[in-house]
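> here is my input, please return the structure:
(one chain, ligands or ions: 3)
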Amino acid sequence: MTEAIIWTIASFAARDNETNLADLNTINALGGCGYHVSTKRLSDADFSAELAVLIAAPVASTIKIGVIETITHVEILADFLKRYKKQYPEISVIYEPLSLSLADMAMTESTGSMLVDAIKICLLPCVDVLILPQEQGSADSIRLFTETTQAINTLLSFGVKGVCAKAMTVKYHHDNKQQSIALDVYIDAQREILLSSPSVLSRPSARDENSGVFSSALATVIAQDYPIDDALVVARAYLNQSAETWPNNRNDFPQVVLPNTVLGDQLGLVQQMQLAYDFAPCDTNRLGLYPVVDTVEWLEKVLQQGVKTLQLRIKDKTPAEVVEDVQAAVALGRQYQARLFINDYWQLAIEHGAYGVHLGQEDMLIADFVAIKQAGLKLGLSTHGYYEILRAHQIKPSYIALGHIYPTVTKDMPSKPQGLQRLQRYADLMQDYPLVAIGGISLARAPQVAATGVGSVAVVTAITRATDYQQAIAELLAIVEPQSSLACVNDE
Ligand SMILES: Cc1ncc(COP(=O)(O)OP(=O)(O)O)c(N)n1
Ligand SMILES: Cc1nc(C(=O)O)sc1CCOP(=O)(O)O
Ligand SMILES: [Mg+2]
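Ligands and ions are numbered 1, 2, ... in the order given. Coordinates of the predicted model:
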């Protein structure tokens, strides 16, 4: 893995060293390596010279910008970033101006401050993520949320790629009591992310929101190639904790706000989702070896080898074309007393009484989760990183699948492989769930995957393309379910 290099460029009017130290501590704590340029009291020529020195430092993965005090510094910096991004288009620029609020920045007419105008015209088009506070706790949460999204959309029109309105206090009613939470709202061209955390007042151990630590944390996580949704989650968890380590306590992680929930309703989220919560638990937390196959013939072959968890995954056919396969699959599952999951065709799974259904994140928008729950079917949900894991956790499925761990030839994946280190982090964070690792897991890789503590390993080609599938299943079973293989041996 290449080193995560973060450059920080800022001038702090007050508490310089303290704030600078908080930045660098955060970068170190989260596994990055920071290089800092302080612009404070630098002449324009000296500022340009400092930036030229930075060029000689190791190439940045992300650049974090803090307070920039003068118009010419803004212009010099914007020019520098434009040139640097041309050379390294992959670089992300994270900007947390601290002293400016969302309302100040989002005014369309001139604010009366030439500095703010210069920031909007010159700097924002070079910025990938702008982070601003939205502090006021209006009693009308729908209005506050609407104003916030409007302000963010205005800022996006200035050319910044994504905007996060951070830690806004939202008051809402639940169980006849007024609750108060801190909400992060992030919007870019592809996504809108809402993360709720307990209000700052109820978290004495939380970090100072006005220290620039959020953007340093975000920059460091993005520098390690995490996508923005996952980076927001980890940065927020870091702010919510006091420890100077990569966050690993679920209590510190934010909750993903979904429509059709108490908070979602009170923010006026309108998306129609037939969500349900707390699905039937699986009979074990360790689902073991989990072959995913696309024919009834394969189901039977793997069942005959002693497999107890499996999935029928037929893609892109009409329900009428797969109904007989689903019926036959359910019958086989019963005959072998196995946990048979049906991918995608949740109505057929309900109709024919499968053990469970496996669905993806996008299915949360279309499938009737209430019907699945009412029918008593187990629900497995796919995830591809922290954000999706927390989103899945909101509805408490029967198991969570973590993918894709390695490159896979079975499916075109829009995301990057997670690798073992991330899998370990997810396994530690979600250890109370049945977890299933999937994606590119071969016989050779299975021992390391199993060693992360996930109770189940799902495979397609490790079985279907094996020269000897029976041998492959026997070896995979011995790796993933060593206790059951021992029991078999002892039983003989
Ligand atoms: C065990 C397991 N994990 C993940 C998937 C992927 O499901 P999904 O995201 O719904 O994608 P498709 O399989 O439908 O392409 C899975 N099927 N099984
Ligand atoms: C169906 C599927 N879903 C994935 C996910 O990450 O959600 S990876 C995957 C394919 C797994 O096949 P193989 O074991 O051959 O790599
Ligand atoms: Mg699916």
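> so what's whatever residue of the chain ends up closest to ligand 1 closest to, chain neighbours aside?
Residue nearest to ligand 1 within the chain: Gly360 (2.7 Å; Cβ to the nearest ligand atom). Where C-beta positions appear, they are placed from N, C-alpha and C, glycine not excepted. Distance criterion Cβ to Cβ, 6 or more residues apart in numbering; nearest residue to Gly360, sequence neighbours excluded, is Ser382 at 4.5 Å.
> output the contacting helices and strands for the helix or strand where the one you found lies.
Applying DSSP states H and E as the criterion places Ser382 in strand 378-383. Judged by 3 or more Cβ pairs under 8 Å, 6 or more residues apart in numbering; DSSP states H and E, strand 378-383 is in contact with strand 339-343, strand 356-359, helix 369-374, helix 386-395, strand 399-402.
> mind putting the ones you listed in a markdown table, distance to Leu429 included?
Converted to a markdown table, the helices and strands packed on strand 378-383 look like this (distance: least, Cβ to Cβ, whole Å):
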| stretch | distance to Leu429 |
| --- | --- |
| strand 339-343 | 23 |
| strand 356-359 | 21 |
| helix 369-374 | 23 |
| helix 386-395 | 7 |
| strand 399-402 | 10 |
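> picking that back up, now the residue nearest to Gly360: how far from ligand 3?
7 Å (Cβ to the ion, to the nearest Å).
> for that residue, what are its contacts?
Contact partners of Ser382, counting by Cβ atoms under 8 Å, 6 or more residues apart in numbering, are 358-361, 388, 401, 403, 438.
> filter those down to the ones close to ligand 2.
Applying Cβ under 6 Å from any ligand atom to the contacts of Ser382, one finds that 403, 438 fall near ligand 2.
> tally up the residues packed near the nearest residue to Gln241 once chain neighbours are set aside, please.
Distances taken as Cβ to Cβ, 6+ apart put Asp252 closest to Gln241, at 4.2 Å, once the chain neighbours are dropped. By other Cβ atoms under 10 Å, 20 other residues sit near Asp252.
> coming back round to it: okay, the angle between the strand holding Ser382 and strand 339-343?
Angle of strand 378-383 versus strand 339-343, following axes from the mean of the first three to the mean of the last three Cα atoms, to 10 degrees, is 50 degrees.
> pull up the pairing partners for strand 378-383, direction included.
strand 356-359 (parallel), strand 399-402 (parallel) (DSSP bridges).
> please see if that strand touches ligand 2.
Yes. Strand 378-383 comes into contact with ligand 2 (Cβ under 6 Å from any ligand atom), by way of Ser382.
> got the angle between that strand and helix 386-395?
Using the same axes, to 10 degrees: strand 378-383 against helix 386-395 is 160 degrees.
> what residues does this protein have near ligand 1?
290, 292, 311, 313, 343-344, 358-360, 380, 382, 401, 403, 411, 436, 438, 458.
> drop anything exposed from the residues you listed.
Neighbour counting by 16 or more other Cβ atoms under 10 Å classes 290, 292, 311, 313, 343-344, 358-360, 380, 382, 401, 403, 436, 438, 458 among the residues of the chain next to ligand 1 as buried.
> count of neighbours near Ala474?
Neighbours around Ala474, by other Cβ under 10 Å: 13.
> same check, this time on Pro133
Neighbour tally, Pro133, other Cβ under 10 Å: 21.
> contacts for stretch 477-484, please.
286, 288-289, 305-307, 443, 446-447, 450, 456-457, 485.
> just the buried subset of the residues you listed, written out for PyMOL, thanks.
Selecting only the buried entries of the contacts of stretch 477-484 in PyMOL, with 16+ other Cβ under 10 Å as the criterion:
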select buried, resi 286+288+289+305+306+307+443+446+450+456+457+485
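> what's around the residue in the stretch 51-200 of the chain that ligand 2 sits nearest to, how many residues?
At 18.5 Å from ligand 2, Arg191 is the closest residue in the stretch 51-200 of the chain, using Cβ to the nearest ligand atom. Other residues lying near Arg191 total 12 when counted by other Cβ under 10 Å.
> could you do Val200 as well?
Counted with other Cβ under 10 Å, Val200 comes out at 19.
> tell me which residues touch it, please.
167, 169, 182, 206, 209.
> follow-up on the earlier one: with secondary structure and distance to Gly376 added, can I get the contacts of stretch 477-484 in CSV?
Converted to CSV, the contacts of stretch 477-484 look like this (DSSP: H, G, I helix; E, B strand; the rest coil; distance: Cβ to Cβ, whole Å):
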residue, secondary structure, distance to Gly376
Arg286, coil, 21
Gly288, strand, 22
Leu289, strand, 25
Gln305, coil, 28
Gly306, coil, 26
Val307, coil, 23
Leu443, coil, 35
Ala446, helix, 32
Pro447, helix, 35
Ala450, helix, 30
Ser456, strand, 21
Val457, strand, 26
Ser485, helix, 31
